[in-house]
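In: Make a model of this:
(4 chains)
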Protein chains: 2
Amino acid sequence: MDIKVAIFEDGKLIRDALQTILNGTPGYACTGAFSNGGNWEADIRRSQPHVVLMDIEMPGLDGIELTRLITQKFDTIKVLIQTVFDESDKIFRALCAGASGYILKNDPPNKYLEAITEVHNGGSFMNASVAKKTLSFFTHKNIILVSPEGTDFHLSEREKEILKELTEGQPLKSIAAKLFISLETVRTHVKHIYSKLHVANRTEAVMKATQQGLNK
Amino acid sequence: MDIKVAIFEDGKLIRDALQTILNGTPGYACTGAFSNGGNWEADIRRSQPHVVLMDIEMPGLDGIELTRLITQKFDTIKVLIQTVFDESDKIFRALCAGASGYILKNDPPNKYLEAITEVHNGGSFMNASVAKKTLSFFTHKNIILVSPEGTDFHLSEREKEILKELTEGQPLKSIAAKLFISLETVRTHVKHIYSKLHVANRTEAVMKATQQGLNK
DNA sequence: CCCAAAAATACCCCAACGGGTGATTGTTTT
DNA sequence: AAAACAATCACCCGTTGGGGTATTTTTGGG
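Out: Next up, the predicted model:
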(Lines give C-alpha, C1' and ligand atoms only; values in the text may rest on other atoms or scores of the structure.)
Protein backbone atom coordinates (compact mmCIF):
# COMPACT_ATOMS: atom_id res chain seq x y z
CA MET A 1 0.00 0.00 0.00
CA ASP A 2 1.13 3.48 -0.85
CA ILE A 3 2.13 5.84 1.90
CA LYS A 4 -0.49 8.59 1.84
CA VAL A 5 0.93 12.06 2.35
CA ALA A 6 -0.79 15.39 2.97
CA ILE A 7 1.06 18.64 2.38
CA PHE A 8 0.69 21.93 4.21
CA GLU A 9 2.78 24.53 2.43
CA ASP A 10 1.95 28.08 1.49
CA GLY A 11 4.31 28.37 -1.47
CA LYS A 12 2.48 27.16 -4.55
CA LEU A 13 5.67 26.26 -6.38
CA ILE A 14 7.02 24.01 -3.67
CA ARG A 15 3.61 22.57 -2.96
CA ASP A 16 3.05 21.57 -6.54
CA ALA A 17 6.56 20.24 -6.89
CA LEU A 18 6.20 18.02 -3.85
CA GLN A 19 2.83 16.79 -5.03
CA THR A 20 4.24 15.90 -8.40
CA ILE A 21 7.20 14.09 -6.92
CA LEU A 22 5.05 12.09 -4.52
CA ASN A 23 2.48 11.07 -7.11
CA GLY A 24 5.20 10.24 -9.60
CA THR A 25 6.99 7.86 -7.25
CA PRO A 26 5.77 4.30 -6.73
CA GLY A 27 4.89 3.64 -3.12
CA TYR A 28 3.83 7.21 -2.37
CA ALA A 29 0.63 9.13 -2.93
CA CYS A 30 -0.22 12.72 -2.23
CA THR A 31 -3.81 12.74 -1.05
CA GLY A 32 -4.01 16.43 -0.26
CA ALA A 33 -2.11 19.68 -0.65
CA PHE A 34 -3.14 22.78 1.28
CA SER A 35 -1.83 26.31 1.42
CA ASN A 36 -2.85 26.97 5.02
CA GLY A 37 -4.26 25.35 8.11
CA GLY A 38 -7.56 27.21 8.12
CA ASN A 39 -9.51 24.07 7.48
CA TRP A 40 -7.07 21.54 8.78
CA GLU A 41 -9.44 19.15 10.49
CA ALA A 42 -11.66 18.63 7.46
CA ASP A 43 -8.60 18.54 5.22
CA ILE A 44 -7.04 15.79 7.30
CA ARG A 45 -10.22 13.76 7.48
CA ARG A 46 -10.68 13.91 3.73
CA SER A 47 -7.11 13.11 2.77
CA GLN A 48 -6.55 10.43 5.43
CA PRO A 49 -2.77 10.79 5.36
CA HIS A 50 -0.24 8.55 7.05
CA VAL A 51 2.27 11.36 7.02
CA VAL A 52 1.83 15.12 6.99
CA LEU A 53 4.51 17.26 5.41
CA MET A 54 4.36 20.52 7.27
CA ASP A 55 5.83 23.89 6.43
CA ILE A 56 6.96 25.56 9.63
CA GLU A 57 6.28 29.05 8.27
CA MET A 58 2.72 29.60 7.21
CA PRO A 59 0.40 32.59 7.27
CA GLY A 60 -2.34 32.41 9.86
CA LEU A 61 -2.17 29.27 11.93
CA ASP A 62 1.53 28.45 11.98
CA GLY A 63 3.07 25.08 11.34
CA ILE A 64 4.06 24.51 14.93
CA GLU A 65 0.58 25.03 16.32
CA LEU A 66 -0.88 23.01 13.49
CA THR A 67 1.52 20.18 14.28
CA ARG A 68 0.45 20.24 17.88
CA LEU A 69 -3.22 20.13 16.95
CA ILE A 70 -2.81 17.32 14.45
CA THR A 71 -0.67 15.10 16.66
CA GLN A 72 -3.07 15.59 19.54
CA LYS A 73 -6.22 14.83 17.58
CA PHE A 74 -4.90 12.10 15.29
CA ASP A 75 -2.29 10.21 17.19
CA THR A 76 -1.41 7.78 14.41
CA ILE A 77 -0.51 10.51 11.93
CA LYS A 78 3.17 11.41 11.75
CA VAL A 79 4.25 14.94 11.04
CA LEU A 80 7.41 15.72 9.14
CA ILE A 81 8.42 19.34 9.47
CA GLN A 82 10.19 21.15 6.69
CA THR A 83 11.90 24.43 7.29
CA VAL A 84 14.20 26.94 5.63
CA PHE A 85 15.93 27.37 8.89
CA ASP A 86 17.41 30.54 10.13
CA GLU A 87 15.66 31.06 13.42
CA SER A 88 16.76 28.36 15.82
CA ASP A 89 14.37 29.09 18.66
CA LYS A 90 11.50 27.83 16.54
CA ILE A 91 13.11 24.43 16.46
CA PHE A 92 12.69 24.09 20.14
CA ARG A 93 9.01 24.90 20.07
CA ALA A 94 8.61 22.65 17.08
CA LEU A 95 10.31 19.77 18.87
CA CYS A 96 7.78 20.06 21.66
CA ALA A 97 4.82 20.07 19.29
CA GLY A 98 5.18 16.38 18.60
CA ALA A 99 6.71 16.16 15.16
CA SER A 100 8.41 12.93 14.11
CA GLY A 101 11.02 14.45 11.87
CA TYR A 102 12.72 17.53 10.52
CA ILE A 103 13.90 18.10 7.02
CA LEU A 104 15.30 21.07 5.15
CA LYS A 105 13.57 22.61 2.15
CA ASN A 106 16.68 22.36 0.06
CA ASP A 107 17.20 18.69 0.78
CA PRO A 108 16.98 16.65 -2.44
CA PRO A 109 13.75 14.76 -3.26
CA ASN A 110 15.22 11.41 -2.37
CA LYS A 111 15.87 12.67 1.19
CA TYR A 112 12.23 13.69 1.38
CA LEU A 113 11.13 10.21 0.37
CA GLU A 114 13.58 8.61 2.74
CA ALA A 115 12.37 10.76 5.61
CA ILE A 116 8.71 10.06 4.83
CA THR A 117 9.35 6.33 4.80
CA GLU A 118 11.33 6.48 8.02
CA VAL A 119 8.66 8.31 10.02
CA HIS A 120 5.92 6.18 8.48
CA ASN A 121 7.70 3.13 9.85
CA GLY A 122 7.57 4.61 13.30
CA GLY A 123 11.08 6.00 13.26
CA SER A 124 12.37 9.53 13.31
CA PHE A 125 14.25 11.57 10.81
CA MET A 126 16.55 14.44 11.47
CA ASN A 127 18.52 16.30 8.90
CA ALA A 128 22.14 16.48 10.05
CA SER A 129 22.12 20.25 10.40
CA VAL A 130 18.84 20.13 12.30
CA ALA A 131 20.44 17.60 14.60
CA LYS A 132 23.37 19.96 15.00
CA LYS A 133 21.13 22.84 15.99
CA THR A 134 19.21 20.61 18.33
CA LEU A 135 22.37 19.41 19.97
CA SER A 136 23.82 22.89 20.29
CA PHE A 137 20.64 23.84 22.04
CA PHE A 138 21.42 21.37 24.73
CA THR A 139 25.12 21.81 24.88
CA HIS A 140 26.35 22.95 28.23
CA LYS A 141 22.93 23.69 29.57
CA ASN A 142 21.39 22.31 32.66
CA ILE A 143 18.10 20.71 32.17
CA ILE A 144 15.35 19.84 34.50
CA LEU A 145 13.05 17.16 33.23
CA VAL A 146 9.49 17.35 34.32
CA SER A 147 7.12 14.51 33.72
CA PRO A 148 3.79 16.10 32.80
CA GLU A 149 1.39 13.44 33.94
CA GLY A 150 3.69 10.57 34.56
CA THR A 151 2.21 9.31 37.75
CA ASP A 152 -0.75 10.55 39.67
CA PHE A 153 -0.01 10.61 43.35
CA HIS A 154 -3.65 11.23 44.25
CA LEU A 155 -2.86 14.26 46.33
CA SER A 156 -5.92 16.08 47.56
CA GLU A 157 -6.39 19.78 46.76
CA ARG A 158 -5.36 20.75 50.25
CA GLU A 159 -2.30 18.58 50.03
CA LYS A 160 -1.24 20.11 46.73
CA GLU A 161 -1.74 23.52 48.29
CA ILE A 162 0.49 22.61 51.18
CA LEU A 163 3.07 20.92 48.99
CA LYS A 164 3.38 24.13 47.03
CA GLU A 165 4.11 26.01 50.24
CA LEU A 166 6.61 23.35 51.23
CA THR A 167 8.54 23.93 48.02
CA GLU A 168 8.71 27.62 48.88
CA GLY A 169 10.58 26.73 52.03
CA GLN A 170 7.90 28.09 54.32
CA PRO A 171 8.05 26.67 57.84
CA LEU A 172 5.00 24.67 58.85
CA LYS A 173 4.05 27.36 61.31
CA SER A 174 3.77 29.98 58.56
CA ILE A 175 1.83 27.61 56.38
CA ALA A 176 -0.62 27.06 59.20
CA ALA A 177 -1.05 30.82 59.63
CA LYS A 178 -1.46 31.41 55.92
CA LEU A 179 -4.13 28.73 55.57
CA PHE A 180 -5.85 29.54 58.87
CA ILE A 181 -5.48 26.05 60.23
CA SER A 182 -3.64 24.54 63.15
CA LEU A 183 0.02 23.62 63.01
CA GLU A 184 -0.95 20.07 63.87
CA THR A 185 -3.24 19.89 60.89
CA VAL A 186 -0.48 21.03 58.61
CA ARG A 187 1.76 18.37 60.09
CA THR A 188 -0.87 15.74 59.36
CA HIS A 189 -1.22 16.86 55.77
CA VAL A 190 2.54 16.84 55.39
CA LYS A 191 2.73 13.30 56.69
CA HIS A 192 0.10 12.21 54.18
CA ILE A 193 2.00 13.94 51.40
CA TYR A 194 5.21 12.15 52.35
CA SER A 195 3.53 8.81 52.42
CA LYS A 196 1.80 9.38 49.08
CA LEU A 197 5.03 10.52 47.44
CA HIS A 198 7.00 7.74 49.12
CA VAL A 199 9.51 10.12 50.61
CA ALA A 200 10.85 10.55 54.11
CA ASN A 201 11.49 14.25 54.43
CA ARG A 202 10.79 17.67 53.11
CA THR A 203 13.74 17.85 50.76
CA GLU A 204 12.84 14.65 48.97
CA ALA A 205 9.27 15.81 48.70
CA VAL A 206 10.34 19.13 47.22
CA MET A 207 12.63 17.44 44.72
CA LYS A 208 9.96 15.02 43.63
CA ALA A 209 7.43 17.79 43.40
CA THR A 210 9.52 19.92 41.06
CA GLN A 211 10.57 16.95 38.98
CA GLN A 212 6.98 15.87 38.57
CA GLY A 213 5.70 19.37 38.02
CA LEU A 214 3.62 19.39 41.18
CA ASN A 215 4.86 22.73 42.43
CA LYS A 216 2.28 24.86 40.67
CA MET B 1 44.91 13.75 6.11
CA ASP B 2 43.47 10.93 8.14
CA ILE B 3 40.81 11.63 10.70
CA LYS B 4 42.43 10.87 14.05
CA VAL B 5 40.16 9.06 16.47
CA ALA B 6 40.57 8.28 20.17
CA ILE B 7 38.47 5.59 21.79
CA PHE B 8 37.18 5.45 25.37
CA GLU B 9 35.55 2.09 25.91
CA ASP B 10 35.85 -0.30 28.82
CA GLY B 11 35.07 -3.48 26.90
CA LYS B 12 38.32 -4.81 25.48
CA LEU B 13 36.61 -6.70 22.66
CA ILE B 14 34.77 -3.73 21.30
CA ARG B 15 37.72 -1.44 21.87
CA ASP B 16 40.07 -3.68 19.90
CA ALA B 17 37.49 -4.20 17.17
CA LEU B 18 36.98 -0.49 16.71
CA GLN B 19 40.69 0.14 16.68
CA THR B 20 41.21 -2.52 14.04
CA ILE B 21 38.43 -1.18 11.86
CA LEU B 22 39.67 2.38 12.09
CA ASN B 23 43.28 1.54 11.36
CA GLY B 24 42.26 -0.77 8.55
CA THR B 25 40.23 1.85 6.75
CA PRO B 26 41.90 4.48 4.55
CA GLY B 27 41.20 7.99 5.79
CA TYR B 28 40.92 7.00 9.45
CA ALA B 29 43.48 6.41 12.17
CA CYS B 30 43.03 5.34 15.76
CA THR B 31 45.61 7.27 17.76
CA GLY B 32 44.55 6.04 21.17
CA ALA B 33 42.29 3.50 22.85
CA PHE B 34 41.59 3.71 26.58
CA SER B 35 39.54 1.61 28.95
CA ASN B 36 38.67 4.43 31.31
CA GLY B 37 38.87 8.18 31.81
CA GLY B 38 41.27 8.11 34.72
CA ASN B 39 43.97 9.80 32.72
CA TRP B 40 41.87 11.52 30.11
CA GLU B 41 43.70 14.79 29.86
CA ALA B 42 47.11 13.24 29.21
CA ASP B 43 45.50 10.64 26.95
CA ILE B 44 43.88 13.31 24.83
CA ARG B 45 47.01 15.42 24.62
CA ARG B 46 49.06 12.47 23.47
CA SER B 47 46.62 11.07 20.92
CA GLN B 48 45.58 14.47 19.53
CA PRO B 49 42.28 13.19 18.16
CA HIS B 50 39.87 15.03 15.90
CA VAL B 51 37.07 12.83 17.12
CA VAL B 52 36.57 10.95 20.37
CA LEU B 53 34.46 7.81 20.37
CA MET B 54 32.97 7.64 23.84
CA ASP B 55 31.27 4.80 25.64
CA ILE B 56 28.48 6.20 27.76
CA GLU B 57 28.83 3.49 30.39
CA MET B 58 32.26 3.33 31.96
CA PRO B 59 33.49 2.44 35.39
CA GLY B 60 34.76 5.34 37.45
CA LEU B 61 34.42 8.61 35.60
CA ASP B 62 31.41 8.04 33.39
CA GLY B 63 31.17 8.87 29.70
CA ILE B 64 28.85 11.79 30.19
CA GLU B 65 31.06 13.60 32.65
CA LEU B 66 34.08 12.80 30.53
CA THR B 67 32.35 14.27 27.49
CA ARG B 68 31.62 17.44 29.40
CA LEU B 69 35.22 17.75 30.50
CA ILE B 70 36.65 17.11 27.07
CA THR B 71 34.33 19.44 25.19
CA GLN B 72 34.98 22.17 27.71
CA LYS B 73 38.75 21.85 27.67
CA PHE B 74 39.32 21.07 24.00
CA ASP B 75 36.64 22.86 22.07
CA THR B 76 37.75 21.68 18.64
CA ILE B 77 37.45 18.01 19.52
CA LYS B 78 34.16 16.38 18.60
CA VAL B 79 32.72 13.65 20.76
CA LEU B 80 30.65 10.84 19.32
CA ILE B 81 28.78 8.93 21.98
CA GLN B 82 28.06 5.25 21.61
CA THR B 83 25.53 3.53 23.78
CA VAL B 84 23.74 0.24 24.17
CA PHE B 85 20.69 2.13 25.05
CA ASP B 86 18.20 0.96 27.52
CA GLU B 87 18.10 3.81 29.95
CA SER B 88 16.74 6.84 28.18
CA ASP B 89 17.35 9.31 30.98
CA LYS B 90 21.05 9.19 30.26
CA ILE B 91 20.55 10.37 26.71
CA PHE B 92 19.27 13.62 27.95
CA ARG B 93 22.15 14.28 30.27
CA ALA B 94 24.45 13.24 27.48
CA LEU B 95 22.86 15.75 25.15
CA CYS B 96 23.74 18.47 27.61
CA ALA B 97 27.34 17.42 27.91
CA GLY B 98 28.22 18.71 24.48
CA ALA B 99 28.48 15.63 22.30
CA SER B 100 28.26 15.99 18.54
CA GLY B 101 26.65 12.70 17.79
CA TYR B 102 25.01 9.55 19.06
CA ILE B 103 25.43 6.11 17.65
CA LEU B 104 24.34 2.65 18.76
CA LYS B 105 26.82 -0.08 19.57
CA ASN B 106 25.11 -2.49 17.22
CA ASP B 107 25.24 -0.10 14.30
CA PRO B 108 27.36 -1.56 11.48
CA PRO B 109 30.96 -0.35 11.03
CA ASN B 110 30.09 1.71 7.99
CA LYS B 111 27.65 3.72 10.12
CA TYR B 112 30.45 4.34 12.58
CA LEU B 113 32.70 5.65 9.82
CA GLU B 114 29.90 7.73 8.37
CA ALA B 115 29.17 9.24 11.77
CA ILE B 116 32.83 9.98 12.45
CA THR B 117 33.19 11.73 9.11
CA GLU B 118 30.00 13.70 9.64
CA VAL B 119 30.97 15.07 13.04
CA HIS B 120 34.52 15.71 11.87
CA ASN B 121 33.10 17.92 9.14
CA GLY B 122 31.33 19.98 11.75
CA GLY B 123 28.02 18.25 11.40
CA SER B 124 26.06 16.07 13.75
CA PHE B 125 25.02 12.49 13.64
CA MET B 126 22.06 10.88 15.26
CA ASN B 127 21.03 7.33 14.90
CA ALA B 128 17.34 7.25 13.94
CA SER B 129 16.27 5.54 17.13
CA VAL B 130 18.28 7.98 19.21
CA ALA B 131 16.55 10.79 17.37
CA LYS B 132 13.24 9.14 18.15
CA LYS B 133 14.00 8.97 21.83
CA THR B 134 15.19 12.53 21.81
CA LEU B 135 12.03 13.70 20.12
CA SER B 136 9.85 11.75 22.49
CA PHE B 137 11.55 13.57 25.32
CA PHE B 138 10.30 16.80 23.93
CA THR B 139 6.80 15.63 23.28
CA HIS B 140 6.16 13.83 26.52
CA LYS B 141 8.01 15.88 29.07
CA ASN B 142 8.02 19.41 30.27
CA ILE B 143 11.44 20.85 30.08
CA ILE B 144 13.06 23.53 32.09
CA LEU B 145 16.24 24.94 30.62
CA VAL B 146 18.65 26.49 33.01
CA SER B 147 21.48 28.75 32.02
CA PRO B 148 24.68 27.21 33.32
CA GLU B 149 26.67 30.24 34.30
CA GLY B 150 24.04 32.53 35.69
CA THR B 151 25.75 33.62 38.84
CA ASP B 152 28.77 32.31 40.63
CA PHE B 153 28.10 31.88 44.30
CA HIS B 154 31.76 31.22 45.12
CA LEU B 155 31.03 27.98 46.87
CA SER B 156 34.14 26.09 47.93
CA GLU B 157 34.65 22.54 46.70
CA ARG B 158 33.63 21.13 50.03
CA GLU B 159 30.53 23.26 50.04
CA LYS B 160 29.51 22.12 46.57
CA GLU B 161 30.03 18.56 47.69
CA ILE B 162 27.78 19.08 50.65
CA LEU B 163 25.18 20.99 48.66
CA LYS B 164 24.90 18.04 46.32
CA GLU B 165 24.18 15.77 49.26
CA LEU B 166 21.66 18.25 50.60
CA THR B 167 19.71 18.08 47.35
CA GLU B 168 19.57 14.32 47.69
CA GLY B 169 17.72 14.74 50.93
CA GLN B 170 20.47 13.12 52.97
CA PRO B 171 20.34 14.06 56.62
CA LEU B 172 23.36 15.94 57.90
CA LYS B 173 24.35 12.94 59.96
CA SER B 174 24.68 10.74 56.88
CA ILE B 175 26.61 13.42 55.07
CA ALA B 176 29.02 13.63 57.97
CA ALA B 177 29.52 9.88 57.91
CA LYS B 178 29.99 9.81 54.15
CA LEU B 179 32.59 12.57 54.22
CA PHE B 180 34.28 11.35 57.39
CA ILE B 181 33.83 14.62 59.25
CA SER B 182 31.87 15.64 62.28
CA LEU B 183 28.19 16.43 62.17
CA GLU B 184 29.04 19.83 63.57
CA THR B 185 31.37 20.54 60.71
CA VAL B 186 28.70 19.67 58.21
CA ARG B 187 26.41 22.10 59.99
CA THR B 188 28.94 24.86 59.63
CA HIS B 189 29.40 24.22 55.94
CA VAL B 190 25.66 24.22 55.49
CA LYS B 191 25.41 27.57 57.22
CA HIS B 192 28.05 29.00 54.92
CA ILE B 193 26.18 27.65 51.93
CA TYR B 194 22.97 29.28 53.10
CA SER B 195 24.64 32.59 53.57
CA LYS B 196 26.33 32.45 50.17
CA LEU B 197 23.11 31.50 48.42
CA HIS B 198 21.15 34.05 50.45
CA VAL B 199 18.68 31.49 51.68
CA ALA B 200 17.43 30.63 55.12
CA ASN B 201 16.83 26.91 55.04
CA ARG B 202 17.50 23.68 53.30
CA THR B 203 14.50 23.75 51.02
CA GLU B 204 15.34 27.16 49.60
CA ALA B 205 18.91 26.07 49.12
CA VAL B 206 17.84 22.93 47.29
CA MET B 207 15.49 24.87 45.05
CA LYS B 208 18.13 27.41 44.19
CA ALA B 209 20.69 24.71 43.61
CA THR B 210 18.58 22.83 41.09
CA GLN B 211 17.45 25.98 39.34
CA GLN B 212 21.02 27.16 39.01
CA GLY B 213 22.38 23.75 38.11
CA LEU B 214 24.50 23.45 41.22
CA ASN B 215 23.35 19.95 42.05
CA LYS B 216 26.05 18.02 40.21
C1' DC C 1 58.28 35.63 55.18
C1' DC C 2 54.22 37.15 57.49
C1' DC C 3 49.62 38.31 58.04
C1' DA C 4 44.91 38.44 56.69
C1' DA C 5 41.27 36.10 54.46
C1' DA C 6 39.14 31.93 53.37
C1' DA C 7 38.28 27.22 54.37
C1' DA C 8 37.67 23.36 57.34
C1' DT C 9 36.91 21.76 61.70
C1' DA C 10 34.18 21.58 66.14
C1' DC C 11 30.61 22.46 70.17
C1' DC C 12 26.08 24.12 72.53
C1' DC C 13 21.20 25.60 72.70
C1' DC C 14 16.64 25.43 71.33
C1' DA C 15 13.23 25.65 67.63
C1' DA C 16 11.49 22.89 63.85
C1' DC C 17 10.49 18.60 62.05
C1' DG C 18 9.08 13.51 61.45
C1' DG C 19 6.82 9.22 63.33
C1' DG C 20 3.37 7.13 65.94
C1' DT C 21 -1.33 7.11 67.69
C1' DG C 22 -5.83 8.66 68.02
C1' DA C 23 -10.16 11.40 67.41
C1' DT C 24 -14.13 14.11 65.13
C1' DT C 25 -16.76 15.59 61.29
C1' DG C 26 -18.31 15.72 56.65
C1' DT C 27 -18.22 13.89 51.80
C1' DT C 28 -17.91 10.43 48.32
C1' DT C 29 -18.04 5.92 46.66
C1' DT C 30 -19.62 1.52 46.72
C1' DA D 1 -25.70 1.55 55.26
C1' DA D 2 -20.93 0.73 55.27
C1' DA D 3 -16.54 1.82 53.90
C1' DA D 4 -13.21 4.89 52.21
C1' DC D 5 -11.37 9.37 51.96
C1' DA D 6 -10.73 14.24 53.19
C1' DA D 7 -9.88 17.83 56.50
C1' DT D 8 -9.43 19.15 60.94
C1' DC D 9 -7.02 19.04 65.68
C1' DA D 10 -4.12 17.01 69.61
C1' DC D 11 -0.16 14.91 72.30
C1' DC D 12 4.30 12.54 72.92
C1' DC D 13 8.97 11.92 71.89
C1' DG D 14 13.14 11.56 69.71
C1' DT D 15 15.81 13.50 65.70
C1' DT D 16 17.19 17.09 62.73
C1' DG D 17 18.30 21.51 61.57
C1' DG D 18 19.45 26.72 62.11
C1' DG D 19 22.01 30.50 64.76
C1' DG D 20 25.82 31.96 67.39
C1' DT D 21 30.62 31.31 68.63
C1' DA D 22 35.31 29.52 68.34
C1' DT D 23 39.85 27.02 66.91
C1' DT D 24 42.99 25.24 63.52
C1' DT D 25 44.68 24.78 58.84
C1' DT D 26 45.35 26.47 54.21
C1' DT D 27 46.09 29.93 51.04
C1' DG D 28 47.17 34.18 48.69
C1' DG D 29 49.04 38.89 48.47
C1' DG D 30 52.29 42.33 50.14
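In: List the residues that contact A:Lys111.
Out: If a contact means Cβ atoms under 8 Å, 6 or more residues apart in numbering or on different chains, then A:Lys111 has A:103, A:127 as its contacts. Placement of C-beta: from N, CA and C, glycine included.
In: so A:Glu184 is in which element?
Out: Secondary-structure element containing A:Glu184, defined by DSSP states H and E: helix A:183-197.
In: Report the rounded mean pLDDT for the helix or strand that that helix is followed by.
Out: Proceeding C-terminally, helix A:183-197 gives way to helix A:202-211 as the next helix or strand, assigned by DSSP H and E. Taken as a whole, helix A:202-211 has a mean pLDDT of 89.
In: what angle do helix A:202-211 and helix B:202-212 make?
Out: Orientation check (axes from the mean of the first three to the mean of the last three Cα atoms, to 10 degrees): helix A:202-211 against helix B:202-212 gives 30 degrees.
In: Do any residues in the helix holding A:Glu184 lie close to chain B?
Out: No: with Cβ under 8 Å from any Cβ of the partner chain as the threshold, helix A:183-197 lies outside contact range of chain B, at a closest distance of 11.2 Å.
In: ok, and what's touching that helix?
Out: Under the criterion Cβ under 8 Å, 6+ apart, external residues in contact with helix A:183-197 comprise A:153-155, A:158-159, A:162-163, A:166, A:172-173, A:175-176, A:179, A:200-202, A:204-205, A:208-209.
In: Between helix A:202-211 and that helix, find me the angle.
Out: Using the same axes, to 10 degrees: helix A:183-197 against helix A:202-211 is 60 degrees.
In: so where do the helices sit in chain A?
Out: Along chain A, the stretches classed as helices by DSSP state H are A:12-24, A:40-47, A:63-73, A:89-96, A:109-120, A:128-138, A:157-167, A:172-179, A:183-197, A:202-211.
In: could these be laid out in JSON lines, adding distance to B:Thr71?
Out: Written out in JSON lines, the entries for those read as follows (distance: least, Cβ to Cβ, whole Å):
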{"stretch": "helix A:12-24", "distance to B:Thr71": "38"}
{"stretch": "helix A:40-47", "distance to B:Thr71": "42"}
{"stretch": "helix A:63-73", "distance to B:Thr71": "30"}
{"stretch": "helix A:89-96", "distance to B:Thr71": "21"}
{"stretch": "helix A:109-120", "distance to B:Thr71": "29"}
{"stretch": "helix A:128-138", "distance to B:Thr71": "11"}
{"stretch": "helix A:157-167", "distance to B:Thr71": "33"}
{"stretch": "helix A:172-179", "distance to B:Thr71": "44"}
{"stretch": "helix A:183-197", "distance to B:Thr71": "36"}
{"stretch": "helix A:202-211", "distance to B:Thr71": "26"}
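In: closest to B:Leu53 out of those helices?
Out: Shortest distance between B:Leu53 and the helices of chain A, using Cβ to Cβ, is found for helix A:128-138: 16.5 Å.
In: can you list the residues of chain A near DNA strand C?
Out: Those residues of chain A that sit near DNA strand C, judged by Cβ under 7 Å from any atom of the strand, are A:171-173, A:187-188, A:190-191, A:194, A:200-202.
In: ok, now with 10 Å
Out: Applying Cβ under 10 Å from any atom of the strand, one finds that chain A approaches DNA strand C through A:166, A:169-176, A:183-188, A:190-195, A:199-206.
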